[in-house]
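Colleague: prediction below, plus the sequence it came from.
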Amino acid sequence: MASSLEDFFSSIEDPRVERNKRHKLLDIIILTLCAVISGAEGWEAIEQFGEDKQEWLKKWIALENGIPSHDCIARVIARILPAQMTECFIAWTQSVAEITAGEVVAIDGKTARHSYDRKKNLGAIHMVSAWASKAGMSLGQVKTEAKSNEITAIPMLLEMLEIKGCIVTIDAMGCQTEIAAKIVEKKADYVLAVKDNQQLLHEAITDYFQESIATNNPSLCQLQFCEETNADHGRIEIRRCYLSTCLDTLPDAARWKGLKSIGMVESERTINGKTSIEQRHYICSVTEVKPFAHAVRAHWGVENSLHWVLDVTFKEDDSRIRTGYAPENFNIVRQLAINLLKKEPSKLSIKRKRFRASLSDKFREEVIFST
């Protein structure tokens, strides 16, 4: 893995002038990654990890002038162009991730709440990430200036990814004709949530399913149906999934490239004797109800397996890293760390794996250098 990391990250341009290069750029990047995997959440902790594990680190990186100071690490990471870090991250991930046909790629955004800088009048960064559900890995991410700019960021992210044969799921913000077209262009399918940001479309889909279900004649309405029930910890959830290939009632259906069906998921939840029902609506390029139902359910992996881990295990929302490109680049390092920890085959949680990596040089090697 050491040579693999070097292979994929060696193309990053060093932002420093030659006379200031006391430490190799790759040494700083790999030191940062090893420290973050072992629980470091800031520059001082990365330096301390380096000092404590210097002999172990020298097995993998040169460290010709010892461990860089935390100020040096911060300056370098803050100046690396994020586009180059992202390209290297995506190239590495695609080399190790087992992405097969039918894989659900969930795309969603997350704001790092404390990455704002009031002194410089800079808001918190918002990252849009792609999560491969079955592989359990982050595929890549791009920064937007605000949540509303996900509409422009999502096509940029899709352009960088290899998603042929996958099913791309996006929440209502991404329900845009340009995004649907980009997914089809990449030879993938889509399941896009529809809400009132596409008001006429949403109303048409809602009305269609209300009338179709009321007729009680699925064949007449080209309606497919499947149902799942889950019960756990006093909570019962019934998910009823409907899919129809009838597009006759949709306004301007031809605007949506690859559109082949519309879907609805009705979730009936009973918690402590109280029942609630929620309906969600979708436009799709898939034509079978079971892949549709699987894609809708798998979409939440980006929240549960990526965003939750970033917040709770890596404490991203509490991070005060703000200078230059550092917030975005540190996010990439965190997601690379998650991918490496996810690929480690033990059944430990990410939190316990990080703790074990902080204690055991052997385990840390298995996580970072044996993939």
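Modeller: Perfect, I can see it now.
Colleague: mind listing what's buried along the strand or helix carrying F8?
Modeller: F8 belongs to helix 2-9 when elements are defined using DSSP states H and E. For helix 2-9, the neighbour count (16 or more other CB atoms under 10 Å) marks 5, 8-9 as buried. Where C-beta positions appear, they are placed from N, C-alpha and C, glycine not excepted.
Colleague: including pLDDT and distance to Q176, could these go into CSV?
Modeller: Output for these, formatted as CSV (pLDDT from 0 to 100; distance: CB to CB, whole Å):
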residue, pLDDT, distance to Q176
L5, 74, 36
F8, 88, 32
F9, 90, 33
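Colleague: beyond the helix holding F8, next helix or strand please.
Modeller: For helix 2-9, the following helix or strand on the C-terminal side (DSSP H and E) is helix 25-37.
Colleague: which helices and strands sit right next to that following helix?
Modeller: Contacts defined by 3 or more CB pairs under 8 Å, 6 or more residues apart in numbering; DSSP states H and E place helix 25-37 against helix 2-9, helix 43-52, helix 70-79, helix 326-343, helix 361-369.
Colleague: which other helices and strands contact the shortest one?
Modeller: Helix 2-9 sits against helix 25-37, helix 82-96, with contacts defined as 3+ CB pairs under 8 Å, 6+ apart.
Colleague: tilt between that helix and helix 361-369?
Modeller: 40 degrees (axes from the mean of the first three to the mean of the last three CA atoms, to 10 degrees).
Colleague: then the second one?
Modeller: Comparing the axes of helix 43-52 and helix 361-369 via the same axes, to 10 degrees yields an angle of 120 degrees.
Colleague: who's in contact with helix 43-52?
Modeller: Contact with helix 43-52 is made by 31-32, 34-36, 38-40, 57, 63, 67-71, 73-74, 321, as judged by CB atoms under 8 Å, 6 or more residues apart in numbering.
Colleague: show the buried residues in the residues you listed.
Modeller: Judged by 16+ other CB under 10 Å, buried ones among those: 31-32, 34-36, 38-40, 57, 63, 67-68, 70, 73-74, 321.
Colleague: of the residues you listed, closest to N197?
Modeller: I321 (32.3 Å; CB to CB).
Colleague: surely that closest one is within a strand?
Modeller: No - using DSSP: H, G, I helix; E, B strand; the rest coil, the assignment for I321 is coil, not a strand.
Colleague: against R240, how distant is E211?
Modeller: E211 sits 16 Å away from R240, going by CB to CB, to the nearest Å.
Colleague: so which of these two has more stuff around it?
Modeller: Neighbours per residue (other CB atoms under 10 Å) separate E211 from R240, with R240 holding more: 18 against 11.
Colleague: isn't V168 right up against E185?
Modeller: No - with contact defined as CB atoms under 8 Å, V168 and E185 do not form a contacting pair (11.6 Å).
Colleague: the more surrounded of the two?
Modeller: A direct count of neighbours by other CB under 10 Å for V168 and E185 places V168 higher, at 29 against 13.
Colleague: strands along the stretch 251-371 of the chain, start to end?
Modeller: Assigned by DSSP state E, counting those that start in this stretch, the stretch 251-371 of the chain shows strands spanning 261-271, 274-284.
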